[in-house]
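Asks: structure for this input, please:
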Amino acid sequence: WANSAFATSGTAAIFPVYFVFLFKNALGDEAIFLGLTFTGSSLWSLGIAIST
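Replies: Below you'll find the predicted structure:
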């Protein structure tokens, strides 16, 4: 049980915030890719949508 709870907590609560933090440090508030403007949270959401 503990391993499953740890993985779920990390995936649902910690990783998205950390990803946005890294995105902003590396690229600023927005990045333009293929003519589309992405923020850190929108890119995270797109990655989740594509992976499922």
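Asks: quick one, grab the pLDDT at the residue nearest to F21 when sequence neighbours are not counted.
Replies: For F21, ignoring the flanking residues on the chain, the nearest one in space by C-beta to C-beta, 6 or more residues apart in numbering is G40 at 7.8 Å. The C-beta positions use only the backbone N, C-alpha and C, and glycine is treated the same way. pLDDT for G40: 94.
Asks: ok, W1 next?
Replies: For W1, the predicted pLDDT is 58.
Asks: likewise the one 10 residues further on?
Replies: What the model reports for T11 is a pLDDT of 83.
Asks: and it, its phi and psi?
Replies: When quoted as degrees, to the nearest 10, the phi and psi of T11 stand at phi -70, psi -40.
Asks: how many neighbours does it have?
Replies: Neighbour count of T11, defined by other C-beta atoms under 10 Å: 11.
Asks: what's the spacing between the residue nearest to T37 when sequence neighbours are not counted and F23?
Replies: Distance criterion C-beta to C-beta, 6+ apart; nearest residue to T37, sequence neighbours excluded, is E30 at 5.3 Å. In this view, E30 and F23 are 9 Å apart by C-beta to C-beta, to the nearest Å.
Asks: which helix or strand in the protein has the lowest average pLDDT?
Replies: Among the helices and strands of the chain, helix 2-9 carries the lowest confidence by mean pLDDT, DSSP states H and E, at a mean of 78.
Asks: and the next helix or strand past it?
Replies: Next in sequence after helix 2-9, counting helices and strands by DSSP states H and E, comes helix 15-27.
Asks: helix or strand right after that next one?
Replies: Using DSSP H and E, the helix or strand that follows helix 15-27 in sequence is strand 31-33.
Asks: could you pull out the buried residues of the helix or strand harbouring I50?
Replies: Using DSSP H and E, the element containing I50 is helix 40-51. Buried residues in helix 40-51, defined by neighbour count with 16 or more other C-beta atoms under 10 Å: 40, 43-44.
Asks: which one among these gets closest to A7?
Replies: Taking C-beta to C-beta as the measure, W44 is the one of the buried residues of helix 40-51 closest to A7, at 17.2 Å.
Asks: show me the contacts for that closest one.
Replies: 16, 19-20 (C-beta atoms under 8 Å, 6 or more residues apart in numbering).
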